[in-house]
Every structure is written in C-alpha cells, then in structure tokens.
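K.L.:
Need the 3D shape of this:
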Amino acid sequence: CELPYQVQFQADAINANDYLWDFGDGSPMSSDPSPLHTYVNEGTYLVTLTVTYPSGCMADASLPLVVSVPNFSFSSNIQNGCPGAMITFETPTPDIISYSWDFGAAGASTDASPTIAFPDPGLYNVSLEILTTEGCLLDENYMNYIMIDSSHCVWPGDTDTSALVDHNDLLNIGLAYGSNGFVRPNASLSWEGQSAPDWAGTTPVSNINYKHIDCNGDGIINADDTTAIVLNWGESYDKSAGAGKVGDIPFYIEADTFQEGTTVALPLILGDAVDPATDVYGLAFTISFPPEYINENSFSINFVQSWLSTLPDNTIAIQKENYSSGKFYAAVTKIDGQNVTGMGQVGEVVFTIQDDIIIRSNTLDLTLMIEDVRLISKEEIAQPVFTKPTVNVVENAGTTSVENNLPEDWVAIFPNPTKEILNINVANALFEEAILYNTIGEKVLVATEQQINVATLSAGVYFIKINTNKGFAMKRIQVVK
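P.N.:
Numbering: from 1, shown residues only. Predicted coordinates for the structure are as follows:
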C-alpha cells in the first residue's frame, strides 16, 4: 500500500532442513524459513526459494512479486470560489471500498464524489482517507486547497472589479465587445458573487478577465450586458472610489446664458486644435450640478452630436442621475475595436432650469463641474484630461416681481419674527405653495402646507412668496434664534 513495503514469506517444503531465499532485489539472501522482507522500491521482483533435504537433494521454486503503491490523489471542479459555492470532489483511484472526506468547517462526507457547500470566506484544508480492495488504508491531506472569497467572483455589473457598479463599468464592455467565452453556471443579474470559469481574454492593461465583463453570463459580451450596470448601479461589496486625471486634453461644458424655467442644451467638448484627443475608445465621467436650480429627472446627455460616437452603429452609452446628491454619471464607449482621434463636441448636456429661482436680482450663476474622468484607448491606455468648471448665467424671466398682485389684506403671516413655526392665512383665494428666498435671491425652502417649520434656517431676513389660484403676495419675515 505504501513504501517501504513489507512482505511476509512462508516456505511450503515438508522435511526440508535448509532454506535460502533470494528476494530478487539484490538484497542479502535469507536462511529463515519464513522471513519478513522489506521492499523500498516499486517493481516486479522474481523471488526464488532453494531448499535442501536431509538426503542432500535440493529443490527450488520461483514466483514473480509485484510491488506497487496505489496512485492516490483527489481533485475538485474549482479551487477558488465565491461564498456559497458548491464544489464537487472526486478521486481517480480505483478499487475503493470506503471513503472518508473532511472539509474542515464546511463538513464531511462518505460519498465517492461529494458536492459540498462552502458558505463562508476563508481557506479550507481538504483530506481524504480511503480503504482499497487490497486492504490498503490510504490518506491524503491538501492544505489550503479551497479558497473562498469575493475577488474571484463575478458581481454582475462590476466589469472593472472595483467593487462598485457605476458608469465606468461601461468602458470594459467596449474593450471586450463581441468576445465569447464560457457560459456562467446558474447565472443571474442578482447582486451576489457568482462563480465562473476564467475566459481566455483579459483587458490589455488592468488584466481583468473577460468573465467579469460578461455581466449576464450568457457567454458573449454585447450591449445586453449593460442591463446589469443599470440594475445594480451604486451597489458595492467594498468601498471604492476613482479619481479623474489632470492632463492636457481639455474636457468641459461650454457656458451659456439662459432664462429660468427653460430647457437648455450645452455642448460637451473633448479636445481642441492645440490638444486633440488621440486614440480614444471609451469615456466615463461625472457632472456635479446644483439640484436646487435644476428640475429633477431633467438632466441627460445626448451623445448623437459627437465626433466620438455614431449611436447606435458603433457605440453604446449609459447614464444615470442622482438628484439628491447633485451628481450625473455618464459613459460612452465604442464597440467596433477602432480608436478614434478628434476634437470638439462629443455630446450635449441637457437639463431644465427651475422657475422662480431668482427673486431680488436679475441673474444668478449656475456652475457645472466635470469630475472623475476616465478616458481610455482600445489598448486600455488612460488618456489624461484637464477639466474646468462651467459657470452659466441664469436670467430672471420676468415672471416674478417683488410687488404683490394680491390685495395686502388677503394674506397674513404670523408670528413674525419667528423661531420655528410660521403660519400663513389666505382669504378670498386658494393657497397653492410658499417659497422662501434669502436676501440674495436664492431659493431656500418650498412648502405646500400653510404651516412652515423654519427652525433649520439661519437667523436673518427672508422673503416669502405665497402663490394662490388668483395670484401671489410677497412678505418679509425674520427668523430669530
């Protein structure tokens, strides 16, 4: 069963008085009638026994002896998996009577080919003890044989393995577009680590295996994989954040002047005559905007007017608004495998300005800022860019006046000054809403009830505009602490 291998010999010669054993392995002979001999190597040995009888007659007999150790090992279908992975084990060793598997914290089994669940991250030792039909009891122990952690998992939508799903993940889809590989077993778009065999392809620089880019697990990388990005946007299994690069290629939004309450389209510029954008394949970025001035769900980017893309022929794009944080995420990537060089407009930034955001002045500044830029080539070489804030001017549309158009006695507010609660009484009209502005004309609060809590405002003077179905009235209030 194992080396060194001991064999007990027994002479079957009646009335012999001398014995001479030749074990066939070059070792010293033995005159013991039943010697115990040790073989140190595998092989086939010719064992010869010569006996002598009292009459002086001699006789001999020879038999071949095969010394072999069973080829004992075991394997599994995968060694690296995600938490909860189901892993199957087997051994090629033939003629086994019984099995005893030990998987540490994952359990044990007496099956010939067990499938075991590994629920928790960590390293697992695996051992197997077998009993063969020849009576050999063999065991094998593989230390740290199974590794369970999230880094080997496919998290649908996280194509760059940053542990965060966002617009940057679109770029790898462009790099690997059209590639084929293994279908992911039990694939889904659910935000959970999923085991998958490695593909042959990886991204050129970051060396990310294409299995992570096949978001839906169907074995092909195409526009269908963007669904997981949208579905799992913002999901994370470890905090991570990227940073834009500062360089020579200009990337900015052209500034303009427009009136409140209008929808505007501002050119998005990448590259100029001095510093064109060369060898571009994919672009991801974030735009910061002031949500207090822009209507919710109105922000978008039109990539049709672009030297970079020809939607939907050779590019795909993705975008998402997070209104509460004043962030807009966008990415666009080519899918034809060809870099492009150019300068000028790559899209239009479209949004709608809120109405009634200017009260005591004629204009206000609306600033947009591009952040967290990633510009790459087909070879995944990062292109440095330079961004700058865009300061737009919003003009008063002339629909708001500081003069009342309701009779003074139709609207009353109290108490004034107030520390916390401000009450509004309206006569001869139906109350609609109240808007509070600070002294420089910025909107600070909108209320749809006639009792307003102003405790969160800083102490000072404010103007309140009370809108009704018959017009509006302006009042001056003071918040005290």
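K.L.:
Now do the contacts for Tyr281.
P.N.:
Residues near Tyr281 by C-beta atoms under 8 Å, 6 or more residues apart in numbering: 171, 174-175, 333-334, 339-340, 376-378. All C-beta atoms are positioned from the backbone trio N, CA, C, and that covers glycine.
K.L.:
Can you tell me the SS state at the closest residue in space to it that isn't next to it in sequence?
P.N.:
Ranked by C-beta to C-beta, 6 or more residues apart in numbering and with sequence neighbours excluded, the top spatial neighbour of Tyr281 is Lys378, at 4.4 Å. What DSSP: H, G, I helix; E, B strand; the rest coil gives for Lys378 is coil.
K.L.:
mind giving me JSON lines with the contacts of Tyr281 and columns for pLDDT, distance to Leu36 and neighbour count?
P.N.:
Formatted as JSON lines, these follow (pLDDT from 0 to 100; distance: C-beta to C-beta, whole Å; neighbours: other C-beta atoms under 10 Å):
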{"residue": "Leu171", "pLDDT": "95", "distance to Leu36": "72", "neighbour count": "25"}
{"residue": "Gly174", "pLDDT": "95", "distance to Leu36": "73", "neighbour count": "25"}
{"residue": "Leu175", "pLDDT": "96", "distance to Leu36": "69", "neighbour count": "29"}
{"residue": "Thr333", "pLDDT": "94", "distance to Leu36": "75", "neighbour count": "26"}
{"residue": "Lys334", "pLDDT": "93", "distance to Leu36": "78", "neighbour count": "24"}
{"residue": "Asn339", "pLDDT": "94", "distance to Leu36": "77", "neighbour count": "16"}
{"residue": "Val340", "pLDDT": "94", "distance to Leu36": "82", "neighbour count": "19"}
{"residue": "Ile376", "pLDDT": "94", "distance to Leu36": "73", "neighbour count": "26"}
{"residue": "Ser377", "pLDDT": "93", "distance to Leu36": "74", "neighbour count": "18"}
{"residue": "Lys378", "pLDDT": "93", "distance to Leu36": "73", "neighbour count": "19"}
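K.L.:
Partner strands of the helix or strand hosting Ile464, with direction?
P.N.:
Following DSSP states H and E, one finds Ile464 within strand 460-468. According to DSSP bridges, strand 460-468 forms sheet pairs with strand 431-437 (antiparallel), strand 471-479 (antiparallel).
K.L.:
so what's Met58 bridging to?
P.N.:
Thr52.
K.L.:
From Tyr5, how far off is it?
P.N.:
From Met58 across to Tyr5, the span is 30 Å (C-beta to C-beta, to the nearest Å).
K.L.:
More neighbours: these two, which one.
P.N.:
Higher neighbour count among Met58 and Tyr5: Tyr5, with 16 against 12, using other C-beta atoms under 10 Å.
K.L.:
What's the separation between the nearest residue to that one once chain neighbours are set aside and Thr93?
P.N.:
Nearest residue to Tyr5, sequence neighbours excluded (C-beta to C-beta, 6+ apart): Tyr39, at 4.7 Å. Per C-beta to C-beta, Tyr39 is found 21 Å from Thr93.
K.L.:
What of Trp191?
P.N.:
Taking C-beta to C-beta as the measure, Trp191 falls 41 Å from Thr93.
K.L.:
can you check Ser62 too?
P.N.:
31 Å.
K.L.:
So these two - more neighbours on which side?
P.N.:
Shown here are Ser62 and Thr93; by other C-beta under 10 Å, Thr93 has more neighbours (18 against 11).
K.L.:
To Ile97, which of the strands paired with strand 460-468 lies closest?
P.N.:
Proximity to Ile97 (C-beta to C-beta) singles out strand 431-437 among these, at 83.9 Å.
K.L.:
how about the closest one: buried residues?
P.N.:
For strand 431-437, the neighbour count (16 or more other C-beta atoms under 10 Å) marks 431, 434-437 as buried.
K.L.:
Identify all contacting residues around that strand.
P.N.:
Under the contact criterion C-beta under 8 Å, 6+ apart, strand 431-437 has outside partners 356, 359-360, 424, 443-448, 450, 452, 454, 457, 462-469, 477.
K.L.:
at 7 Å what do you get?
P.N.:
Applying C-beta atoms under 7 Å, 6 or more residues apart in numbering, the contact partners of strand 431-437 are 356, 359-360, 424, 443-448, 450, 452, 462-469.
K.L.:
just the buried members of those residues?
P.N.:
Among those, those buried by neighbour count (16+ other C-beta under 10 Å) are 356, 359, 424, 443, 445, 447, 452, 462-468.
K.L.:
I figured Thr341 was touching Leu270, is that so?
P.N.:
No. Using C-beta atoms under 7 Å, Thr341 makes no contact with Leu270, being 10.9 Å away.
K.L.:
Run through this protein and note the low-pLDDT ranges.
P.N.:
Applying pLDDT under 70 to the chain flags the ranges 1, 151, 237-247, 310-312, 358-362, 396-405, 439-442.
K.L.:
so what's the spatially most central residue of it up against?
P.N.:
Note on the chain: the residue nearest the mean C-alpha position is Asp158, at 2.8 Å, using C-alpha atoms, centre = their mean. Residues near Asp158 by C-beta under 7 Å, 6+ apart: 164-165, 169, 212.
K.L.:
Gln345 in helix, strand or coil?
P.N.:
The assignment at Gln345 comes out as strand when based on three-state DSSP.
K.L.:
which residues does the spatially closest residue to Lys465 that is not a sequence neighbour form a beta bridge with?
P.N.:
Distances taken as C-beta to C-beta, 6+ apart put Ile435 closest to Lys465, at 4.7 Å, once the chain neighbours are dropped. Listed by DSSP bridges, the beta-bridge partners for Ile435 are Val446, Lys465.
K.L.:
How about Val66?
P.N.:
On the basis of DSSP bridges, Val66 is bridged to Thr44.
K.L.:
wouldn't it be in contact with Val47 here?
P.N.:
No. Applying C-beta under 7 Å, one finds Val66 not in contact with Val47, separated by 10.9 Å.
K.L.:
Brilliant, that's me finished.
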